[in-house]
Each structure stands twice: as C-alpha cells, then as structure tokens.
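Novice: Sequence and predicted structure are below.
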Protein chains: 2
Amino acid sequence: MSTLPVAFSDTFYKELCIKMTIGAWEAQNKRLDTLLSKLSDEQLAREVAPGRNSGVYLLGHLAAVNDGIIVLLGFGEKLFPWLDPIFLTGPDKSGLPKPAVAELKKCWLDVNAALSGHMANMEADQWFTRHTAVSEADFEKEPHRNKLSILISRTSHQSYHLGQMAFL
Amino acid sequence: MSTLPVAFSDTFYKELCIKMTIGAWEAQNKRLDTLLSKLSDEQLAREVAPGRNSGVYLLGHLAAVNDGIIVLLGFGEKLFPWLDPIFLTGPDKSGLPKPAVAELKKCWLDVNAALSGHMANMEADQWFTRHTAVSEADFEKEPHRNKLSILISRTSHQSYHLGQMAFL
C-alpha cells in the first residue's frame, strides 16, 4: 500500500480492514501448515471420518482452491491446473491416481507463497475491483463481489475443511 | 452507518469492507440454520464422528461463543451465561445435563438476532475500536485487535465446526 496513512482516517481503516482480511486467510494457511507438520503420510491418507474424504484429498482440494485464487484475483494462470480433475471437479474416490504427499505439500506451499507475493504488491483499492468470475454488469450492481470477497469466502471454506482434517 | 458515502471513496470502501465482514458472519449463521432445519433431534444428538463431539454440543458451543460476542463488542451481558459450563468451558462428556434441543435452538436464534440488532446500530468507526478482552495499552500497539477482528475470527471458528457438523 503506497502512502503512509494517517491513523484513524478512513484510508487507515480501509487498509486495516484489508490487512485483517489477508491476516485471517494467512492464519488459516498457517493452521494447515501446523497440522501437516504433525501428521504422518499414513495419517494423512486416512479418511477424516468413516466414509468421508481422506486428508490427502482435502489437502489437494485446498491447494487447488487456493490455486484458483490466482486466477480469480487476476494474477495469472493456475500453477497446478492438473490438480483440478483429481481434487476439485472429481471426488476422492474418482479412481484418478493421486500425486505423492510430498508433491502435494509442495503445491500447497508454492501456491500460497505465490499468492502472498502477489498480494503484497496490490494497492489497497485493487481489492475492491471485481474478481474475474463476475461480469462487469453484475459487478456494477453488486460491488461487494470484489477481490476481497474471494479471500473472505476462501478463508471460511478452508476453515470448514480444517475442522474436518483436525479429526486425523 | 450515518452518512451516504460517495462510491469509491475511502469511506465507501471502509464501510463496504465492514459490510462484507458482517455478511460473511451472517452467512455462516445461515448455513447452520439451514443444516439445523434438515436434521432431526436424533441426528443432532449423534457424534459428528466416532468419539468426537455431538451435534448438540457443537450447537450449544456455537451459541455460547456467539453469546460471548455480545460482551466482547461491548453490547452488554451474555443472554445465556448458563451455556458456558456445559458448552464452552466443559467438554461434551462433562456429565452436566444438557437443555432440550428446542431450547438450544432458541438460544442460538435469540443470540444471533440480538447481535444483528446491535450491529445494525453501530457506526462504521466503532468496529475499529478495541474489543473488551484487550487492554488499552495493548490495543494502542495492535490496532487490529478491534471489534471487527472478533467477527472475523468467530466466522472462521464457526465455519470450522460447521465442517464437522456437516457429517451429521
């Protein structure tokens, strides 16, 4: 964010709100990092509950979803589009071969590092521009469908699956 | 929020950011409402996964946590402080008697209605004042520990447990 804001000005609060939203997203990423550091590959391969998704699937799913943020925020193309059929459009038991856990963990970390880098270079007001999945016409009527909303919804989504992965 | 903001001004974006944060919290409340409308009392009484918390416990837990927001945002006292020993400080298998599901659901709805009412009366800048669990001295150094941060963290917390309750 370019200029030093005056404390308690609207600019300051606007930027603070954005920082808090990014912070909440990063906190969820860190929580998964911490969980991953405690789980063996065998534990991660288990279903989080009987008949439910495996930890590996959910890790790939969250990596694929975060990879999608790169596109939605207009930063560029997905880093690992091959994750999608296995972990996003396909279910856990699709029969598609899954990559090794070490590779998946690398995808997860690489995507988040790329996103954090891009976000650090964003001007505050860019967060209030439309994300790439909403049309200009719709965005004009619904200005809350902006880039910041993507981060807010993805934070909740991640937390949802973290609650499930905690059972591992 | 008092005055009509000019679109794309810092005031507008600041208020939009707050609205989006409240909206995300309300969306999680609504998701639980929807889930509750689909579950029988018997289903809700079950453990979400073998050996884990029951749906009833998590409902009471989320009601108690939202009740705590009333205090943290300085709106007043908890509506249902008797929830705390059963659902917040105590575990599911504490042996304490639990209220009927219908009563718990009413607590959940009453707390959220009270909160929504209070929030609708807040001025935008009040969201950036300190919550009641942080000291003035700490808040001066860490202005992100404000009322809005409570809502952000509680939204993630709720989503975390919703992911578990979805297994019911």
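Specialist: Happy to help now that I have it.

Novice: Give me the phi and psi angles of A:Gly95.
Specialist: With angles defined as degrees, to the nearest 10, A:Gly95 sits at phi 90, psi -10.

Novice: brain fart, A:Val65
Specialist: phi -70, psi -40.

Novice: Which pLDDT value belongs to it?
Specialist: For A:Val65, the model assigns a pLDDT of 98.

Novice: what's near enough to touch A:Phe80?
Specialist: A:63-64, A:67, A:107, A:110-111 (Cβ atoms under 8 Å, 6 or more residues apart in numbering or on different chains). For glycine as for every other residue, the C-beta is placed from the backbone atoms N, C-alpha and C.

Novice: Tell me which two in those are the farthest apart.
Specialist: A:Ala64 and A:Asp110 (12.5 Å; Cβ to Cβ).

Novice: Please identify which of these two sits among more neighbours.
Specialist: Taking other Cβ atoms under 10 Å in any protein chain shown, A:Ala64 and A:Asp110 do not tie; A:Ala64 has more neighbours (24 against 15).

Novice: From A:Tyr57, how far off is the more buried one?
Specialist: A:Ala64 is 10 Å from A:Tyr57, where distance means Cβ to Cβ, to the nearest Å.

Novice: Which residues are in contact with each of these two?
Specialist: A:Phe87.

Novice: In chain A, where is pLDDT below threshold?
Specialist: A:1-6 (pLDDT under 70).

Novice: which helix is the longest one in it?
Specialist: Ranked by residue count, the top helix of chain A under DSSP state H comes out as helix A:10-38.

Novice: Return the set of buried residues in that helix.
Specialist: Of all the residues in helix A:10-38, those buried under the rule 16 or more other Cβ atoms under 10 Å in any protein chain shown are A:10-18, A:20-22, A:24-26, A:28-29, A:31-32, A:35-36.

Novice: Keep only these that also lie close to chain B.
Specialist: A:10-11, A:13-14, A:16-18, A:20-21, A:24, A:28 (Cβ under 8 Å from any Cβ of the partner chain).

Novice: which among those gets closest to A:Glu140?
Specialist: A:Lys14 (20.7 Å).

Novice: what's the residue found closest to A:Gly55 once you drop the neighbours it is linked to in the chain sitting at in phi/psi?
Specialist: Leaving out its chain neighbours, the residue that sits closest to A:Gly55 by Cβ to Cβ, 6 or more residues apart in numbering or on different chains is A:Leu44, at 4.0 Å. The phi/psi pair for A:Leu44 (degrees, to the nearest 10) reads phi -70, psi -30.

Novice: which residues touch A:Leu44?
Specialist: A:36, A:54-56, A:59, A:101, A:168.

Novice: any idea how far chain B is from it?
Specialist: 16 Å (Cβ to the nearest Cβ, to the nearest Å).

Novice: What of A:Trp108?
Specialist: For A:Trp108 relative to chain B (Cβ to the nearest Cβ), the value is 18 Å.

Novice: element containing that residue?
Specialist: helix A:101-120 (DSSP states H and E).

Novice: ok, and what's touching that helix?
Specialist: A:22, A:26, A:29, A:32-33, A:36, A:41, A:44-45, A:56, A:59-60, A:62-63, A:66-67, A:69-70, A:73, A:75, A:79-80, A:83, A:98-99.

Novice: same for whichever helix or strand comes after it, what does it pack against?
Specialist: The C-terminal neighbour of helix A:101-120 among helices and strands, as given by DSSP H and E, is helix A:136-141. Taking 3 or more Cβ pairs under 8 Å, 6 or more residues apart in numbering or on different chains; DSSP states H and E as the contact definition, helix A:136-141 has no neighbouring helices or strands.
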